[in-house]
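Student: What would the 3D arrangement of this be:
(chains A, B, C and D)
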2 protein chains.
Amino acid sequence: MSREALGYFELLVLLAILRLEESAYGATIGREIEDATSKEVILGSVYAALERLQEKGLVTSRLGEVTPERGGRAKRYFRLTAKGVRDVRASRDSLTTLWTGIPNLAGGRA
Amino acid sequence: MSREALGYFELLVLLAILRLEESAYGATIGREIEDATSKEVILGSVYAALERLQEKGLVTSRLGEVTPERGGRAKRYFRLTAKGVRDVRASRDSLTTLWTGIPNLAGGRA
DNA sequence: CCGTATTTATTCTGTATAGTTGACAATATG
DNA sequence: CATATTGTCAACTATACAGAATAAATACGG
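Tutor: Predicted structure coming up:
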């Protein structure tokens, strides 16, 4: 895994952030992935992936204001960088190129 | 990665096999992935992934006749099992669910 | 208001799985 | 034997899982 080369879970995390726009932080990202995959998501995995993605320059983060709700620590919000968007597009294009035109794969959502 | 939970490269390998139908073996699988991703593929990685996929019961392999071409060892051909097809579909559906309706992602192939 | 329980969010630690890389083995042909 | 083609191995790094620990903020009883 020398160069870049996004892992599968990392790709899910990036896509979740894109969907959530301004409200992407640990918990919401995890929930978004659970909804899409129907599998339980361990939050530690989300945070670990976010850390790596930030080091690779694919996301940035900012600390949010203290929530007015009940209690609890400040949220850390995430956004994709331009490079992050480019990498997601590249992955999506590679995958769609591969799975387009495979007859044996019919019967899903796309 | 406890249960199943396909890695990114493993998914590429499975898709390549599906596309190649009856002619899927190490070298052709590698080339198919290179064509789709525009990145160099190390054959050792392909074989390692194939090994794992077979242990997980997602592919089966059979040895082919000795090639009539130039030289070289007998090829090992791969096919997906029913479970393999199911897992690929599930991954594809999760991904398309996530990336459908993200405006910021326009301008690719799909 | 002080201390403690509670809530929400993030970080840490250890382990298992996935993926990379380059060298090496096998097998065929000229 | 030299060379081409295919496949295996072993050592290493990176990703992901799983659950415990820590942080930061609020509410509330005394």
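Student: does the nearest residue in space to A:Glu40 that is not next to it in sequence sit in a helix or strand, and which one?
Tutor: Distances taken as CB to CB, 6 or more residues apart in numbering or on different chains place A:Glu34 nearest to A:Glu40, at 6.6 Å, with adjacent residues excluded. (C-beta placed from N, C-alpha, C; glycine too.) Under the criterion of DSSP states H and E, A:Glu34 resides in helix A:26-37.
Student: Send over that helix as PDB, restricted to the C-alpha atoms.
Tutor: This file holds the C-alpha atoms of helix A:26-37, laid out as PDB (Å, rounded to 0.1, in the frame of the first residue of the first chain):
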ATOM      1  CA  GLY A  26     -17.700  10.500  14.100                       C
ATOM      2  CA  ALA A  27     -21.100   9.400  15.100                       C
ATOM      3  CA  THR A  28     -23.000  10.600  12.000                       C
ATOM      4  CA  ILE A  29     -20.400   9.100   9.700                       C
ATOM      5  CA  GLY A  30     -20.700   5.800  11.400                       C
ATOM      6  CA  ARG A  31     -24.500   5.800  11.200                       C
ATOM      7  CA  GLU A  32     -24.400   6.700   7.500                       C
ATOM      8  CA  ILE A  33     -22.200   3.800   6.800                       C
ATOM      9  CA  GLU A  34     -24.400   1.400   8.900                       C
ATOM     10  CA  ASP A  35     -27.400   2.500   6.900                       C
ATOM     11  CA  ALA A  36     -25.800   1.800   3.600                       C
ATOM     12  CA  THR A  37     -24.100  -1.400   4.500                       C
END
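Student: Briefly note if that helix comes near DNA strand D.
Tutor: No - applying CB under 7 Å from any atom of the strand, one finds helix A:26-37 out of contact with DNA strand D, separated by at least 9.1 Å.
Student: who's in contact with that helix?
Tutor: Under the contact criterion CB atoms under 8 Å, 6 or more residues apart in numbering or on different chains, helix A:26-37 has outside partners A:12-13, A:16-17, A:19-20, A:40-41, A:43, A:46-47, A:50, A:75-76, A:78, B:94, B:97-98.
Student: Check stretch A:83-92 too.
Tutor: A:4, A:6, A:11, A:14-15, A:18, A:53, A:57-59, A:80, B:8, B:37, B:95, B:99, B:104-105, B:107-108, B:110.
Student: Out of those residues, list just those in strands.
Tutor: A:Val59, A:Leu80 (DSSP state E).
Student: Now the buried members of the contacts of stretch A:83-92.
Tutor: With burial judged by 16 or more other CB atoms under 10 Å in any protein chain shown, the buried subset of those is A:6, A:11, A:14-15, A:18, A:53, A:58-59, A:80, B:8, B:37, B:95, B:99, B:105.
Student: Spatially, and excluding backbone neighbours, which residue is closest to the spatially most central residue of chain A.
Tutor: What sits nearest the mean C-alpha location of chain A, by CA atoms, centre = their mean, is A:Val13, with 1.5 Å. Counting by CB to CB, 6+ apart, A:Ala49 is the residue found nearest to A:Val13 once chain neighbours are left out, at 4.8 Å.
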